[in-house]
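Student: pasted the sequence and its predicted model underneath.
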Amino acid sequence: MAEKVLFSWIGETDLRAASSDTPLDAPISSTLSKCSFDRVILLCSYPKARSIPYIEWLKRKTSDVIESYQETLVSPVDFEAIFHVTDKHLSAFKTINADISILLSPGTPAMQAIWILLGKTKYSARFYQSSKEQGVQEVKIPFDISAEYTPLATKLTNTQLTELSNDGVSSSAAFENIITQNPVMQRLKHQAEILAKREVPVLIQGETGTGKELFARAIHNASARADKPFVSVNCGAFPTELVDSMLFGHKRGAFTGANSDHQGFFQQANGGTLFLDEFGELEPFVQVRLLRALQEGEVTPVGAMKSQHVDVRVICATHKDLMQAISEGTFREDLFYRIAIGVLSLPPLRERQGDMLLLIEQMLDALILQDSLLKGKKFSVIAKSALLNHTWPGNIRELKSTILRASLWGSGDIITAEDIQQAFFKYPDKNTNLLEKDVSQGIDIQNIISEVVGDYIPKALQVAQGKKAKAAELLGLNNHQTLDNWIKKHNVKL
């Protein structure tokens, strides 16, 4: 009998389950409690300090054989790296005719898409998913993927699929790459063009996926520093023990493993622009050192006796409310005002009235230009309506990946509403079971009310196209002043 093998990435919810005092509906442990496998292959891109305790915890909870593999990814949405990692592990079982199953729930949308691509083409896998609402279940993927995509996928290093799925921003990005006819976005483009001609620091605010790096690169490319380096850094990925070395460099012998001199991000960006993405994630001790570097224009590599002068323009981006973080004492006020000279606040996609159809058509055209196999693809009218009616919590990034998936999965020239629905990822309803909480254990009714208010007010504003008086009417409130009071009282995020 064929060996039953389950494959899965380890997700954030899984890791938290091992350290939580209360049971969590973690996908992997929930699946193993309901289904039995001869072997479980777990892939992890998180640090070993988090994965090892989790694996030990999981082994105590199941009799299944657990194997874990630490895999380094440049990005959790890097299709190329994810493909090579998953294909490597799956291929080890193809020659022994194993009964392969894949758990789709943990991981990023890119990981899930690659699982489906490989599981439907090369490996004939079964698919499972686990959720709090529906429990553990085997899922049928109700479509076949044309085998012609498999040869393309095996050459991802240099093929169109990598380019299509690449979440990065082109190094030549300019303001004309920011597609919009929305008045708010047009005003922001104009402001960004003004900032590009000046040397002031810039802070770009907005939800994840709203195009902050696109604006940053456009500002750099339109500035006098355009022929100098543009260095993009994710502040949320700084290992605590290496942050000084990463930012300011180190000298040979400064610490164990420092076998040669190393330039930090400031030195790499010298003369050009340093883009600090996820700026709000900086730890307080990093904020102090960064402020000093910005004020003095000098950095001191780890192990060096003298400081080095650097000429760097800094552009920062964050999805966090930094004023709120300052009031809570988690972000330095002096660093905020040092950076927040030119401030751009990008609206989420759901608030960019007039842009959706423009972006949908432009993105599909761009995909067709990069991949001739998509030539002739068009959206049906109902498919466009499905895209228009979606709330897009992932913003531009989610829209692009959804259109790509729908284009790949659709079997004909017309991308249907069904293709779009299959391409959507289902987000859990944050208000599930609000009316089923155990009062005997104590509840916070104010928080429950705030959750409901925070869910319905943005929806009403979307339906009302941003008109507060109409949104107030839809919610049964007296007027827009009452709506404003509710927004402030319940700290509604718009």
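Tutor: Cool, got the structure. Numbers count the residues shown, from 1 in each chain.
Student: what's the helix or strand for residue 113?
Tutor: Residue 113 belongs to helix 109-121 when assigned by DSSP states H and E.
Student: who are the packing partners of that helix?
Tutor: Counting contacts by 3 or more Cβ pairs under 8 Å, 6 or more residues apart in numbering; DSSP states H and E, helix 109-121 is packed against helix 79-94, strand 99-103, strand 126-131, helix 149-153, helix 395-409. Where you see a C-beta, it was placed from the backbone N, CA and C, and this is true even at glycine.
Student: how about these, which one is nearest residue 222?
Tutor: For those, the distance to residue 222 is smallest for helix 395-409, at 20.2 Å, taking Cβ to Cβ.
Student: what is that closest one packed up against?
Tutor: helix 109-121, helix 160-165, helix 356-370, helix 381-389, helix 417-423.
Student: now the weakest link among the ones you listed, please, by mean pLDDT.
Tutor: Note on the helices and strands packed on helix 395-409: lowest mean pLDDT is at helix 160-165, with a mean of 45.
Student: quick check: next helix or strand after that helix?
Tutor: Using DSSP H and E, the helix or strand that follows helix 160-165 in sequence is helix 183-196.
Student: just the mean pLDDT for that following helix, thanks.
Tutor: Here helix 183-196 scores 94 as its mean pLDDT.
Student: list the buried residues of that helix.
Tutor: Within helix 183-196, the residues scored as buried using 16 or more other Cβ atoms under 10 Å are 184, 185, 188, 189, 192, 195, 196.
Student: same list (those residues) but as TSV, adding distance to residue 483.
Tutor: Below are the buried residues of helix 183-196 laid out as TSV (distance: Cβ to Cβ, whole Å):
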residue	distance to residue 483
184	20
185	24
188	25
189	30
192	31
195	33
196	37
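Student: centre of the chain versus the helix holding residue 113, how much separation?
Tutor: When C-alpha coordinates are averaged (Cα atoms, centre = their mean, to the nearest Å), helix 109-121 and its chain have centres 18 Å apart.
Student: just the angle between that helix and helix 395-409, please?
Tutor: 10 degrees (axes from the mean of the first three to the mean of the last three Cα atoms, to 10 degrees).
Student: got the CA coordinates for helix 109-121 in PDB?
Tutor: Taking Å, rounded to 0.1, in the frame of the first residue of the first chain, the C-alpha atoms of helix 109-121 are listed here in PDB:
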ATOM      1  CA  PRO A 109      -1.200  33.100  -1.200                       C
ATOM      2  CA  ALA A 110       1.900  32.500  -3.300                       C
ATOM      3  CA  MET A 111       2.600  29.300  -1.400                       C
ATOM      4  CA  GLN A 112      -1.000  28.100  -1.900                       C
ATOM      5  CA  ALA A 113      -0.900  28.900  -5.600                       C
ATOM      6  CA  ILE A 114       2.300  26.900  -6.100                       C
ATOM      7  CA  TRP A 115       0.900  24.000  -4.100                       C
ATOM      8  CA  ILE A 116      -2.200  23.900  -6.400                       C
ATOM      9  CA  LEU A 117      -0.100  24.300  -9.600                       C
ATOM     10  CA  LEU A 118       2.200  21.400  -8.700                       C
ATOM     11  CA  GLY A 119      -0.400  19.300  -7.100                       C
ATOM     12  CA  LYS A 120      -2.700  19.500 -10.100                       C
ATOM     13  CA  THR A 121       0.000  19.000 -12.800                       C
END
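Student: heads up, I number from 10, so please use that
Tutor: Right, with 10 as the first residue, what we last looked at is helix 118-130.
Student: by mean pLDDT, which helix or strand of this protein comes out lowest?
Tutor: helix 158-162 (a mean of 36; mean pLDDT, DSSP states H and E).
Student: now residue 364: closest residue in space, sequence neighbours ignored.
Tutor: With sequence-adjacent residues excluded and distances taken as Cβ to Cβ, 6 or more residues apart in numbering, residue 364 is closest to residue 191, at 4.9 Å.
Student: now do the contacts for the one you found.
Tutor: Residue 191 makes contact with 356, 361, 362, 363, 364, according to Cβ atoms under 8 Å, 6 or more residues apart in numbering.
Student: most surrounded residue in those residues?
Tutor: For those, the largest number of neighbours (other Cβ atoms under 10 Å) sits with residue 361, at 22 neighbours.
Student: my guess is residue 135 contacts residue 113, does it?
Tutor: No. The criterion here is Cβ atoms under 8 Å, and residue 135 misses it with residue 113 at 10.6 Å.
Student: these two: which has the busier surroundings?
Tutor: Neighbours were counted for residue 135 and for residue 113 using other Cβ under 10 Å; residue 113 has more, 20 against 16.
Student: now do the contacts for that one.
Tutor: Neighbouring residues of residue 113 by Cβ under 8 Å, 6+ apart: 121, 124, 125, 136, 137, 138, 148.
Student: count the residues that sit near the residue lying closest to the fourth one once chain neighbours are set aside.
Tutor: Right, residue 136. Nearest non-adjacent residue to residue 136, counting by Cβ to Cβ, 6+ apart: residue 148, 5.0 Å away. Look at residue 148: counted by other Cβ under 10 Å, it has 12 neighbours.
Student: residue 148 and residue 125: what is the separation?
Tutor: 10 Å (Cβ to Cβ, to the nearest Å).
Student: okay, now residue 268: neighbour count?
Tutor: That count, for residue 268 with other Cβ under 10 Å as the rule, works out to 8.
Student: quick one: contacts for it?
Tutor: Applying Cβ under 8 Å, 6+ apart, the residues contacting residue 268 are residue 261.
Student: what pLDDT does it get?
Tutor: So, for residue 268, pLDDT stands at 83.
Student: in which helix or strand would I find it?
Tutor: Residue 268 belongs to no helix or strand when assigned by DSSP H and E.
Student: do you know how far it is from residue 190?
Tutor: Residue 268 is 54 Å from residue 190, by Cβ to Cβ.
Student: so where's the chain shaky on pLDDT?
Tutor: Scanning the chain for pLDDT under 70 picks out the ranges 10, 30-33, 103-105, 151-180, 436-451.
Student: scan it for its longest helix.
Tutor: The single longest helix within the chain, with elements called by DSSP state H, is helix 454-472.
Student: tell me the buried residues in the helix or strand just after it?
Tutor: Using DSSP H and E, the helix or strand that directly follows helix 454-472 along the chain is helix 477-483. Of all the residues in helix 477-483, those buried under the rule 16+ other Cβ under 10 Å are 477, 479, 480, 481, 482, 483.
Student: distance from helix 477-483 to the middle of the chain?
Tutor: From the chain centre to the centre of helix 477-483 is a distance of 32 Å (Cα atoms, centre = their mean).
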